[in-house]
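# What follows is a predicted structure for the sequence shown.
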Amino acid sequence: MIPRATYRLQFHKRSGFDDAAALAPYLAQLGVSHLYASPYFMARPGSLHGYDIVDHSQPIPKLAMRPRFGEWTPR
């Protein structure tokens, strides 16, 4: 499938998976067909972009992913 439009989600301690899910219907109304996202692994303290990962085995704690994905198990 060829994307009609893409949108980048920025994950950090104040914007997580629940926020992205709430935004999805609005983005769909705008014509966005595909999403991509910043990394969601543990970045340096204070990072808002997430590309300065310091621990590839741990997600950002505040993203509220454990209730949905179970206990985090790194590969």
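Yep, it's here.

# Please point out which parts of stretch 15-34 sit buried.
By 16 or more other CB atoms under 10 Å, the buried positions in stretch 15-34 come out as 15-17, 20, 27, 32. The C-beta positions use only the backbone N, C-alpha and C, and glycine is treated the same way.

# which one of these is nearest residue 61?
Nearest to residue 61 out of the buried residues of stretch 15-34 is residue 16 (CB to CB; 10.0 Å).

# ok, which stretches of the protein are strands?
Here the chain has its strands, by DSSP state E, at 6-9, 34-37, 41-43, 53-59.

# which of these sits most buried?
strand 41-43 (a mean of 19; mean count of other CB atoms under 10 Å).

# Who are the packing partners of that one?
Applying 3 or more CB pairs under 8 Å, 6 or more residues apart in numbering; DSSP states H and E, one finds that strand 41-43 makes contact with strand 53-59.

# so what does the strand it packs on touch, helix or strand wise?
On a contact count with 3+ CB pairs under 8 Å, 6+ apart, strand 53-59 meets strand 41-43.

# chain center to the strand it packs on: distance?
Offset of strand 41-43 from its chain centre (CA atoms, centre = their mean, to the nearest Å): 11 Å.

# Direction included, what does it pair against?
Strand 41-43 pairs in its sheet with strand 53-59 (antiparallel), by DSSP bridges.
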